[in-house]
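S.K.: Give me a model of this one.
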Amino acid sequence: MTFNKGSLILVDYTAKVKDSEEVFDTTIEEDAKKYSIHEQNVKYQPKLVSIGEVSYPVLKGLDEALAKTAVGDKLTVEVTPDKGFGERDSGKVRMIPIRKLGEDAEKVSVGDTIEIDNKRGIIRFIGSGRVQIDYNHRYAGKTILFDVNVLKSLDSPNDKIDGILKNRLPVEDSKISFDLKDKEVNITVPEEILRADGLQIMKHFIQLDIFKFVPTLEKVNFVETHVNKQTQEKKPESKEKAPEQKTA
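M.R.: This is a model prediction of the structure:
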């Protein structure tokens, strides 16, 4: 069984550069630690992929391969530059005066990623008052190998909503809660992100995704509960028993 365009699936993968064996991305925390690419603030979890869609995309070569798989498949996918991070373009390598980096001029080194003129680039060379910046993707021109495990197809409305929320909300899965009834879903916003920057944007994309992948729904409600911690009920004061007086 293959997947149709728009199918939502969950996959685990570990990605590496073919010629150097450099592992640079993974959904598996154990692999991240094993290859010394672990990041403390990253939520390691299966990747949500929408086959042939831009909502939850992967590299074109990986997407095409996943469309031909089935749940339970484990495979290695080879993605060439033309269907991966693109071919290298020498026109995207620029030499600029190092003074243009301002205060960062003395802090940067070869291999660092910096942003200049609203574009991100990699420093390839520093010398003679100049710095060479490569605006190609770090893995442009490289063939990438993905070790993939196709875990699950999200077919029911409940599974799709659950997958979308786990992907969009930066909290532990145990703190994600929603109630789906008929054509309406109530999503509880976790207390720890009630004041988070970008919460409105998160909610916007969540409702867009839910309506797209569960078109039978008519309403998406976000439930926010704010607790006034300053009016917590005071504990009653304990009354100490007066010592007994002895009579002569």
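S.K.: And what about residue 222, helix, strand or coil?
M.R.: Secondary structure of residue 222, reduced to three states by DSSP: H, G, I helix; E, B strand; the rest coil: strand.
S.K.: What confidence value was assigned to it?
M.R.: If you check residue 222, the pLDDT there is 98.
S.K.: Now do the contacts for it.
M.R.: In this structure, residue 222 makes contact with 187, 189, 203, judged by Cβ atoms under 8 Å, 6 or more residues apart in numbering. (C-beta placed from N, C-alpha, C; glycine too.)
S.K.: Residue 97: which of those is nearest?
M.R.: Distances from those to residue 97 were compared by Cβ to Cβ; the smallest belongs to residue 203, at 44.2 Å.
S.K.: Helix or strand: which one has the closest one?
M.R.: Here residue 203 sits within helix 199-213, counting by DSSP states H and E.
S.K.: what does residue 32 give?
M.R.: helix 29-34.
S.K.: swap in residue 109?
M.R.: Short version: residue 109 belongs to no helix or strand, going by DSSP H and E.
S.K.: before we move on, the earlier item: out of the contacts of residue 222, grab the one that's most surrounded.
M.R.: When neighbours are counted by other Cβ atoms under 10 Å, residue 187 leads the contacts of residue 222 with 23 neighbours.
S.K.: ok, how many other residues are close to residue 99?
M.R.: 10.
S.K.: Mind exporting the C-alpha coordinates of the lowest-mean-pLDDT helix or strand in the chain to PDB?
M.R.: Counting by mean pLDDT, DSSP states H and E, the weakest-scoring helix or strand in the chain turns out to be strand 113-116, with a mean of 89. Taking only C-alpha atoms (Å, rounded to 0.1, in the frame of the first residue of the first chain), the coordinates of strand 113-116 have been written out as PDB:
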ATOM      1  CA  THR A 113      26.900  30.900  10.200                       C
ATOM      2  CA  ILE A 114      26.100  34.600  10.300                       C
ATOM      3  CA  GLU A 115      23.400  36.900   8.900                       C
ATOM      4  CA  ILE A 116      24.400  39.800   6.600                       C
END
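S.K.: how about that strand: buried residues?
M.R.: Under the neighbour-count criterion of 16 or more other Cβ atoms under 10 Å, strand 113-116 has residue 116 buried.
S.K.: for stretch 197-214, same thing?
M.R.: 202, 203, 206, 207, 209, 210, 213, 214.
S.K.: Okay, and the beta partners of the residue nearest to the fourth one when sequence neighbours are not counted?
M.R.: When you say that, I think you mean residue 207. Once flanking residues are discounted, residue 207 sits nearest to residue 220: 4.4 Å by Cβ to Cβ, 6 or more residues apart in numbering. As for beta bridges, residue 220 partners with residue 185 under DSSP bridges.
S.K.: Quick check: bridge partners of residue 147?
M.R.: Taking DSSP bridges as the rule, residue 147 bridges to residue 14, residue 76.
S.K.: between the contacts of residue 222, which is closest to residue 11?
M.R.: Nearest to residue 11, judged by Cβ to Cβ, of these is residue 187 at 24.5 Å.
S.K.: which one of the contacts of residue 222 is nearest residue 90?
M.R.: Checking those against residue 90 with Cβ to Cβ, the nearest one is residue 203 at 43.3 Å.
S.K.: Kindly provide the distance from the residue nearest to the closest one when sequence neighbours are not counted to residue 174.
M.R.: The spatially closest residue to residue 203, leaving aside those adjacent along the chain, is residue 222, at 5.5 Å (Cβ to Cβ, 6+ apart). Counting by Cβ to Cβ, to the nearest Å, the gap from residue 222 to residue 174 is 19 Å.
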